[in-house]
Structure formats: C-alpha cells, structure tokens
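model the structure of this input:
(2 chains)
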Amino acid sequence: MAFNSADINSFRDIWVFCEQREGKLVNTDFELISEGRKLADERGSKLVGILLGHEVSEIAKELGGYGADKVIVCDHPELEFYTTDAYAKVLCDVVMEEKPEVILIGATNIGRDLGPRCAARLHTGLTADCTHLDIDMKKYVEFLSTSSTLDISSMTFPMEDTNLKMTRPAFGGHLMATIICPRFRPCMSTVRPGVMKKAEFSQEMAEACQVVTRHVTLTDEDLKSKVINIVKETKKIVDLIGAEIIVSVGRGISKDVQGGIALAEKLADAFGNGVVGGSRAVIDSGWLPADHQVGQTGKTVHPKVYVALGISGAIQHKAGMQDSELIIAVNKDETAPIFDCADYGITGDLFKIVPMMIEAIKEGKNA
Amino acid sequence: MRIYVCVKQVPDTSGKVAVNPDGTLNRASMAAIINPDDMSAIEQALKLKDETGCQVTAVTMGPPPAEGMLREIIAMGADDGVLISAREFGGSDTFATSQIISAAIHKLGLSNEDMIFCGRQAIDGDTAQVGPQIAEKLGIPQVTYGAGIKKSGDLVLVKRMLEDGYMMIEVETPCLITCMKDKAVKPRYMSLNGIMECYSKPLLVVDYEALKDEPLIELDTIGLKGSPTNIFKSFTPPQKGVGVMLQGTDKEKVDDLVDRLMKKHVI
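Alright, predicted model coming up:
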C-alpha cells in the first residue's frame, strides 16, 4: 500500500469523524468538534470535520458553529446508512490522500465498529473510549496535577512533545492510562459520548466554515454486507447523559423488581424530572433495557444528583457515575463500596427508605 | 464449515476488586473467568453446530494457563482448541494482538463458508477493537454488536444492535461477527461427557516459531515494544473524600438527608 504511515511529519490537522443518522448530526459530533477545536489550537493546526452520507451537505455548516474550520462531505447513495464496508473504504481513502495527524471518532456503536477497522487498514494505533485528550504537554501536566495522585514535582516531562496524549479508564476507572501512538499517523482515538463539553454555538463561525464536497466511487466489490432494514425501537429513549437527576437501581431490587423500579421512578419524579438508570446486574438480568445502563460498559453520566439504590458499587459502575455532583447511596450492606464515593450514605432497606424519602422530599418542597 | 470462536480469559471485575498499594489491579487475588461477551459467542457457535454439525474451534491468545479455559469450552461442546502463546506476544496492544490472531487463523485455514465469532468486548480493556481488526487483516467483512445470527448457504443474517434499535445485516461468508450478551442466548453448561472427553480432544499450541514467517505478521509491530500504542503514564485518580453516613432510625436518616439537600438547594 502506497500510504506510508512511517513518514509522520507530513501529517497535518485534527479531524473529527462526524456521524449522521437519518441525515441528522448526533450529539457526539458537537462534543468532539468542541474538543477538537481546543486540540487544533494547541497544535496550531486546522480542525476538519469529515461527514459521510447522502445529500447531507446542508447540515455540515452547523459543525462550524462549534469550531470546525472546514467540513469535508463525502456524498454517495451507498453512504445514506452506515455500513462498515462503504464507510471504511471512503474514510480510509480520504485519509490516505489528505493525511490528517489526528482522527477523533465518537465511541458510539457505529464509531466503535468503524474506528478499529480503519486503524487496522491505515496501519496505525487506536485508543478506545478516551475521556481526556491533550496535545500541549503543559496542559497535560496540569491535568495530572489535579486528576492523579502522582507527585508531579518529582517528575520530568518532555515539554516539546506533540503526540496526542489519550487518557482512558482501565479496569473500570480504578486505574487511568494515558496512551500515545508515537510511531504512526494518523493518531486515532474513539471518545466516550457525554464526556467532552459542547462549546457555545456561534452563528458567525458556522457561516465562516468551509464546506467541501468530495466525489466518491464505490463498487459492488467494495460492499460485502448490506443493510436489510433498520428498526427503531418504539420505547421511550432515556437520555441518561443529559439528565440532571438520575436514580439508579441495582441487584438490591431483586426481591421485587417491578416494585423497585416503580419506587425509583417515583423518587426521580419527586426530585423533579429525573430518569432511571441501572447497574450492569440489572441490565444483564433483563430488568431494564440496555440504554439505561450506567457504568464502564454503559454510559458515563455526571448529573447534579445521582441516587444509587441497592447498588453495591463495583468499579465498573463507579466508572460511569463517580463524577456526579452529588451522590446519595442507599444499601443494606454498610460495607458496600458504593459508600466510598457517596456524599451521603444510608444503610437500610431501600423498600422502606425510598417511600420515606419521596414523602419527605414532597413535604420539603411544599414547606 | 468451521467456526473459530476467539475468547479471552479475564479477571472477574464484577465483584469486589483487590487493588495493590501502587494502584494496580491485584490480578492474583481475583478469579479468572471467560470473558462474559465471549460466552455468547461460544453459545452462538455451538447452536450452529447443533443445527449443521459444523466444527467449532476455540482460539485464545494468552499465557499457558489459558489452556484450562479452552478445555472448559471443549467440555461445553467445542471440537478443539488453539492456544496462541509466546513471550514475544506479551504486552501486545489491540493492533498487535489482532495481527497475531489473524495470522494464526490464516495458517489454520479459513475457507469460504467459515466464520469467526468474538465477544463484543472484554471486561478488562473494554476496547471492542480486536474483532474488527482481525476482520480487516483477514480481508473479510465484519458485523459488530451482533445479537442474533442465522445462516443460510453462504449468507448470514445478523441482528446488529444500535443505541436506539437495531439493523438487520446480510453478510457473505467468510465473515467475523462480534456477539453481545443476549437474553435469548443462554450459554450452556459443560456436559458430563464433555468434561470426561475434554482432555482427549485436540489442543494446538501456536508459538512464535509457528507464526514468525506468516505473511500477516510484521515482527516489528507485535509485543510490548512493537505495538503502535504505548502507555505514556498510568495513574490512580484521587479518591473522593468519604462522605457522610447518616445515623439514627430510618426516618431520622431520611429527614437528615432531605434537610441537608434543602440546605444545599438541591431540592
């Protein structure tokens, strides 16, 4: 293959793969463009969005409003819906030609399919599910000083280093690892949805954003799989990531699953507009659908209030909720690890405690 | 038809986790289990074996004790096992790992009707990257987040889960499918006969010598040193200060809590 990953100095610019579903941009796009803007400024390079789809150039300018200097639109009828074959072919072809230094991809079910496929083809490293990114070493050291227990003063850092430093939780957040990809380009990262902060939208920047449409060719030989149909589940989609109040349930509801979930819903309502989440045990047992899962394998949330009911607090759960502003835990086992990260802990039977909480909150609101 | 099922032995992080004083995971104190998503891949493969009589081969890369896991999978119903194991392979990132596994599968042979099943992701790294990277290196199509698999002729119909629904995907063989845990797919137990016979079934050990001349392997991008990605720093996040355990009767605890929440204007 002519693409030479070893010649790393010829690679320029920060790219964000912008996902669209049914012709609409997804939230992760705005989060990643906002984060990519910071990285491009640290690197002194351009921020480019790459958008694949069919007749989607109209939505491209919105990405400019969050910081993209330019959006490359690849248009083809075969790109209307995501398929690994078509998307990987088009993305890799453009990357080999344009040689970006960094590619960020949202760690959605689609991004986590596309990212590794492309990284293998591009002969480069990929770091999964990153939660923090830096290029500037000074900023990285500042990050370590507030987010790690390392003694920074006794360490030396190569201050001129311009590798993308990709930080991700390992083993459910007990250990954090910062990964680099020093020998190959582009440096690729999938980024966990809901973690990067979306910037303020700027109409002026949106209008200044350059949109370039590229011609794409795809042949039948490129496509070894096809989408027969797409089914949207009609159930209410829970927006855990955007929620301000989350009441989650764990294995502790097992003696009355429906009753436990109903109590969680009532408590969420009592706080005001809360949503119900669940631990891995709850999702694995089929008590709540997968989109309710909080944790390393589920969603990362940082609501104003997180209430954990009957959740023991396995590290994999904590990884998804420990950055909540305020954590309340109710568990009958006083040694449950969830209490280690809770601001307020109550030992007791949730089926007795929660009805009292609902009552007391209502009274408090009326007082 | 042969189905290769790629599996990984992982520390069980679902219960209490022991951490060494330096913040690393105390693996020795934790049970080693078959990665949960891989159990779905095994069951899907064994179901196809029940229907078609195909051969099911369990493949893992890991240290020699991983043989025990392969024997367990054989006792569940797999026909044979492949243990890819060498010091030179240790410390490989996902790129390097997928290179080694794809080289081993290539050497064993992948015919037109064969398939490779993997778990969606492993609970120790949670990357979900090795499956798609194996597919790319072998030049075969992939379907990730697979929840239901139906095969007819050289076409496979897979239900691929999305965050808000699913896609039905039709894919040609040979192909690679990563499997999610699914209520409809309950991994079977080892059978008594299986346990009796598992040590008499073939188990192939593939080492560095066996793979070093394979075309899919680049010797300078495997192992700890060769992997494209390296750990620059690893660290523990500062522990959040332990909060307040509320005291008294249930009612007193609840009232105390609501009182504090009101003072903080949370309510």
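
part of a helix, is B:Glu51?
Yes - in this structure, B:Glu51 lies within a helix as judged by DSSP: H, G, I helix; E, B strand; the rest coil.

burial count for it?
10 (other Cβ atoms under 10 Å in any protein chain shown). The C-beta positions use only the backbone N, C-alpha and C, and glycine is treated the same way.

sketch out the low-pLDDT regions of the stretch 51-200 of chain A for me.
Applying pLDDT under 70 to the stretch 51-200 of chain A flags the ranges A:171-174.

please repeat the previous calculation with a cut-off of 90.
For the stretch 51-200 of chain A, residues meeting the criterion pLDDT under 90 lie at A:147, A:149, A:169-176, A:194-195, A:197.

can you pull out the helices in it?
With helices called from DSSP state H, counting those that start in this stretch, the stretch 51-200 of chain A shows them at A:57-64, A:84-98, A:111-122, A:137-147.

what's in contact with the first one?
Yep, that's helix A:57-64 we're talking about. Residues from elsewhere that reach helix A:57-64, judged by Cβ atoms under 8 Å, 6 or more residues apart in numbering or on different chains: A:16, A:18, A:20, A:23-25, A:29-30, A:33, A:49, A:51, A:71, A:73, A:75, A:201, A:205-209, A:211, A:213.

Three-state assignment for B:Ile144, please.
Quick fix: residue B:144 reads Thr, not Ile. Classification of B:Thr144 using three-state DSSP returns strand.

make sure it is actually in contact with B:Pro132.
Yes - counting by Cβ atoms under 8 Å, B:Thr144 sits close enough to B:Pro132 to count as a contact (6.2 Å).

the helix or strand containing B:Ile101 and chain A in contact?
Following DSSP states H and E, one finds B:Ile101 within helix B:94-108. Yes - shown here: helix B:94-108 in contact with chain A (Cβ under 8 Å from any Cβ of the partner chain) through B:94-95, B:98.

that helix - contacts with which helices or strands?
Applying 3 or more Cβ pairs under 8 Å, 6 or more residues apart in numbering or on different chains; DSSP states H and E, one finds that helix B:94-108 makes contact with helix A:111-122, strand A:126-130, strand B:2-7, strand B:55-61, strand B:80-84, helix B:130-138, strand B:203-206, helix B:208-211.

tell me what the third one is packed against?
With contacts defined as 3+ Cβ pairs under 8 Å, 6+ apart, strand B:2-7 has these neighbours: helix B:36-52, strand B:55-61, helix B:67-76, helix B:94-108, strand B:115-119, helix B:130-138.

quick one: average pLDDT of the last one?
If I follow you right, that is helix B:130-138. Helix B:130-138 carries an average pLDDT of 98.

got the contact list for that helix?
With Cβ under 8 Å, 6+ apart, helix B:130-138 has contacts from A:84, A:88, A:113, A:115-117, A:119-121, B:6, B:94-95, B:97-99, B:101-103, B:105-106, B:110, B:116, B:118-120, B:141-142, B:144, B:174-176, B:178, B:216.

so who does B:Tyr145 touch?
Shown in contact with B:Tyr145 (Cβ under 8 Å, 6+ apart): A:109, A:113, B:120, B:160-162, B:178, B:180.

kindly recompute the last result at 6 Å.
A:109, B:120, B:160-161, B:180 (Cβ atoms under 6 Å, 6 or more residues apart in numbering or on different chains).

what sits closest to the residue in chain A positioned nearest to chain B if chain neighbours are left out?
Across chain A, no residue is closer to chain B than A:Gly125, which sits at 3.2 Å (Cβ to the nearest Cβ). Excluding the flanking residues, the one nearest A:Gly125 by Cβ to Cβ, 6 or more residues apart in numbering or on different chains is B:Pro228, at 3.2 Å.

same thing with A:Arg183?
B:Pro228 (6.4 Å).

correct me, but that neighbour touches A:Arg185?
No - using Cβ atoms under 6 Å, B:Pro228 is not in contact with A:Arg185, being 10.2 Å away.

so the two - more neighbours on which side?
A:Arg185 (27 against 24).

wait, that one touches A:Ser10, no?
No - A:Arg185 is beyond contact range of A:Ser10, at 8.3 Å (criterion: Cβ under 6 Å).

where does chain B dip in pLDDT?
B:11-32, B:123-126, B:148, B:152-154, B:163-165, B:181-185, B:236-243, B:262-267.

wait, which of the helices and strands packed on helix B:94-108 is closest to A:Pro355?
strand A:126-130 (37.9 Å; Cβ to Cβ).

using CSV, write out every CA atom in the closest one.
C-alpha atoms of strand A:126-130 as CSV (Å, rounded to 0.1, in the frame of the first residue of the first chain):
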residue,chain,number,x,y,z
LEU,A,126,-6.3,3.3,18.1
THR,A,127,-7.1,4.1,21.7
ALA,A,128,-10.6,3.2,22.7
ASP,A,129,-13.2,5.2,24.7
CYS,A,130,-10.9,8.2,25.7
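
from the middle of its chain, how far away would it be?
Here strand A:126-130 is found 10 Å from its chain centre; the criterion is Cα atoms, centre = their mean, to the nearest Å.

likewise for stretch A:337-346?
For stretch A:337-346, the distance to the chain centre is 25 Å (Cα atoms, centre = their mean).

with only the CA atoms kept, save it in CSV.
Only the C-alpha atoms of stretch A:337-346 are listed here, as CSV (Å, rounded to 0.1, in the frame of the first residue of the first chain):
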residue,chain,number,x,y,z
PRO,A,337,-18.1,0.1,48.1
ILE,A,338,-20.7,2.5,46.7
PHE,A,339,-20.5,4.3,50.1
ASP,A,340,-16.8,5.1,49.3
CYS,A,341,-17.9,7.6,46.6
ALA,A,342,-21.2,8.7,48.1
ASP,A,343,-21.6,12.2,49.6
TYR,A,344,-24.5,10.8,51.7
GLY,A,345,-25.0,7.2,52.6
ILE,A,346,-27.9,5.5,54.2
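
so who does the residue sitting nearest the centre point of chain A touch?
Residue closest to the average C-alpha location in chain A (Cα atoms, centre = their mean): A:Pro193, at 1.7 Å. Neighbouring residues of A:Pro193 by Cβ under 6 Å, 6+ apart: A:28, A:106.
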